[in-house]
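Student: here are the coordinates; sequence isn't available:
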């Protein structure tokens, strides 16, 4: 399974598009909501992401650790963490099978 894993904190304006475009390249998108107080969760879910919630903002590092643990638990074949979503959504890189 190919996963795109995205840490997010108050990203309601961009997360929906990022999830939607990421799903073109992955079987599943997992968003670690790091205590957002806006509509990040709702926007990500609307576009098909699976959500992992931190009750409060634990920081970027904690979100990345959570995502790596989840990817490992799901036996991910390939995983992409963080910055990749911006590059994909802006057409700068493409993910291809090798």
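Tutor: Now that the structure is in, tell me what you want to look at. Note that the coordinates shown come from a computational prediction; the quantities given were computed from them, not determined experimentally.

Student: where does pLDDT dip in this protein?
Tutor: Counting by pLDDT under 70, the ranges of the chain that qualify are 78-98.

Student: show me where it has strands.
Tutor: Assigned by DSSP state E, the strands in the chain fall at 2-8, 28-34, 50-54, 78-81.

Student: can you say which of the ones you listed is nearest to residue 61?
Tutor: With Cβ to Cβ as the measure, strand 2-8 is the member of the strands of the chain nearest residue 61 (9.2 Å). Any C-beta I mention is one placed from the backbone N, CA and C, and that applies to glycine too.

Student: and the angle for the biggest helix by length in the chain with strand 2-8?
Tutor: Of all the elements of type helix in the chain, the one with the most residues (DSSP state H) is helix 60-73. With axes from the mean of the first three to the mean of the last three Cα atoms, to 10 degrees applied, the angle from helix 60-73 to strand 2-8 works out at 160 degrees.

Student: in helix 60-73, which residues are buried?
Tutor: Neighbour counts using 16 or more other Cβ atoms under 10 Å place 63-64, 66-67, 70-71 of helix 60-73 among the buried residues.
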